[in-house]
Every structure is written in C-alpha cells, then in structure tokens.
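Undergrad: Could you look at this predicted model? Sequence included:
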Amino acid sequence: MLDLSKEFLREKQLPIGRQNEYKQLIEALSKNGSVILVGDVGSGKESLVKQLAIESFMGKLSGNLFHQKIFQLMVDAFMAGAETQGEIQSRLNSMIEEVTHSGNVVMYIPEFQNIVGSSSFDLDISGGLIPYLKKGNIKIVAAVTPGAYKRFIEPNHSLLDSFTVINFDKLPRIEVLDMLFKKTEDIENKNGVNLTYNSIISAYEYADKYAKEKVLPGSAVVLLEDTANAVKISGRNLVEEQDILDQIQIKTKVSVGEPKKNEK
C-alpha cells in the first residue's frame, strides 16, 4: 500500500471546496463507517481524501480520526502473481489484519470497481471485505465514477449496506470560480507567472472543450496549469485570456473565442 499521507503533506497546501461532501465524509468515518465517493474524474474526490489526510495528521480531527494515516491500496501490486481466488483472499486477510493491528489507518481505494467485479481486473473481493466492514475492523474510503457505481456497486446490496454513499453533484458556477481563484496562487507560485482575471474566467468557460476526460473544477485547473507552463516556457510571466484560447486550440485543433478579422 502507498502512504498517501506522506505524499499529500509534501504539497502542504490544503484543498479548497466540496465542504458539504467533506462534512459527510468526516461524519461517516467518525462512526467507524466506510464511504463511497461517487463522482466524475475532476469533481474533487481525491481532494477530500487529501484534506482528510492533512487535517488528521495535524490533529484537527478528533476521536477515531485523530492522527490517522491514509494508505492507498495498489491493486496491481495486490494482484501480482496471484493464481487463485483463495490466494487473493489470503492476501486480503493478511492486509486487513495488519491494518486492524496498526489501529491508525484509513484505506483509500480509487476506482473501487477494480476489486468488486470490473472486467479489467477480473477480481471480486467484496465478499471477503463485507465481514470486516460490518464489524468496523477497517475504515475504507472508496471512489468510483457514476457509471462504474451503477454497473458494479449498486447491484451489490450486501456491499452497499456497509457504506455511506456521497455523491459529487455538479457545482454551481460561483462555487467553481471561487475554487479556481483560490487555486490561482498555487499555480502562479509553481510556474512563476501571474494569471489575469479574464484568463481564469475563460478557463472555466472552455475547460470542457480542453479536458473532456475531466469535469469542473478539475478540467479548468488542468487548463490553467498547462497554459501557465506554456507561458513560462515562452519566457513570459502574464497569462492572459488569449493564452487560454491558444492552449485549447493547440490541444483540440479547434478555434475558440471571437473570430479574428481574417476569419470573419
């Protein structure tokens, strides 16, 4: 397993946004429960896990969330070399025994469908997990997209009974923009540039064309980061609206924004 607490603490910056979902996460885990985060890529699922790791390490959370470590289950490593379901179950038992013995670990499993029946891994250990979940021996934060949830998780009623489901619905415009403006300082410091107001607004408006594999706010953050890096490489220090549009055109080969004089 990968120690995510160490990874997140190196970044030092606390994520911003999705505080309603974060409150639900803390409430569920505080009751010794486990959680499934359901949202598209870029909706902020991992940001909540990051906030949990940082605040727990800093002692901002009390009770059974005080000084907890967040470990990510690496499915590839977990499966490597296993030839039978029995061998996989044995590994699962050993892993959970180790986590239970430590007493200060929350397990994070992104793409949860990969261990509950997804054809990409041909692995279903949900039956082995359920007894431990019901006893409260382990706390799991799982993450899936809405499509994977409906296909692999929702039909498994026995598994669902052991989880609190938190849905990441589409955020209103004002909340996404607030998150982007708060993320601005981090992007500027990382790249040694300044982002104009209009560049941030443009990133919000056109992000879906640029990063179709993600949704807001993640898609806009990727666009701002890539544009800031491109501007830095070009030896400039100011990211303007046109830089955002140019970056989209490079990626998508499609012109965006107001047509230029020769295009008219």
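TA: Thanks, I have the structure now.

Undergrad: Settle this for me: Gln68 is touching Met107, isn't it.
TA: No: using C-beta atoms under 8 Å, Gln68 is not in contact with Met107, being 10.5 Å away. Backbone N, C-alpha and C define where each C-beta goes, glycine included.

Undergrad: Can you give the distance of the helix or strand of the chain with the lowest mean pLDDT from its chain's centre?
TA: Sorting the helices and strands of the chain by mean pLDDT, DSSP states H and E puts helix 75-79 at the bottom, at a mean of 83. Centroid separation for helix 75-79 versus its chain: 20 Å, with C-alpha atoms, centre = their mean, to the nearest Å.

Undergrad: Please apply the same query to stretch 236-251.
TA: On C-alpha atoms, centre = their mean, the centre of stretch 236-251 falls 26 Å from that of its chain.

Undergrad: buried sites along that stretch?
TA: Within stretch 236-251, the residues that count as buried by 16 or more other C-beta atoms under 10 Å are 239-241, 243-248.

Undergrad: Closest one to Arg151 out of those residues, please.
TA: Among these, Ile248 lies closest to Arg151 (C-beta to C-beta), at 32.0 Å.

Undergrad: which helices and strands does the strand or helix carrying that closest one pack with?
TA: Using DSSP states H and E, Ile248 falls within helix 241-252. For helix 241-252, the packing partners by 3 or more C-beta pairs under 8 Å, 6 or more residues apart in numbering; DSSP states H and E come out as helix 197-210, helix 218-233.

Undergrad: Of all these, which one is nearest Leu129?
TA: Closest to Leu129 of the helices and strands packed on helix 241-252 is helix 218-233 (C-beta to C-beta; 28.3 Å).

Undergrad: Against which helices or strands is the stretch of helix or strand Ile54 belongs to packed?
TA: Using DSSP H and E, Ile54 sits in helix 45-57. Secondary-structure packing of helix 45-57 (3+ C-beta pairs under 8 Å, 6+ apart): helix 4-11, helix 19-30, strand 69-72, strand 105-109, strand 139-144.

Undergrad: any idea which residue sits dead centre in the protein?
TA: By C-alpha atoms, centre = their mean, the chain has its centre lying nearest to Glu46, at 2.3 Å.

Undergrad: Who are the contact partners of that residue?
TA: 110, 143 (C-beta atoms under 8 Å, 6 or more residues apart in numbering).

Undergrad: for this structure, what are the low-confidence residue spans?
TA: Under the criterion pLDDT under 70, the flagged ranges of the chain are 12-14, 119-121, 257-264.

Undergrad: repeat that with 80
TA: Residues of the chain meeting the criterion pLDDT under 80: 11-16, 82-85, 117-123, 254-264.

Undergrad: number of nearby residues for Phe168?
TA: Per other C-beta atoms under 10 Å, the neighbour tally for Phe168 reads 20.

Undergrad: Distance of the residue nearest to it when sequence neighbours are not counted relative to Met74?
TA: Spatially, and ignoring its direct neighbours in sequence, Phe168 is nearest to Gly39 (2.8 Å; C-beta to C-beta, 6 or more residues apart in numbering). To Met74, Gly39 is 22 Å away according to C-beta to C-beta, to the nearest Å.

Undergrad: and what of Ile109?
TA: From Ile109 across to Met74, the span is 10 Å (C-beta to C-beta).

Undergrad: More neighbours: these two, which one.
TA: Ile109 (22 against 12).
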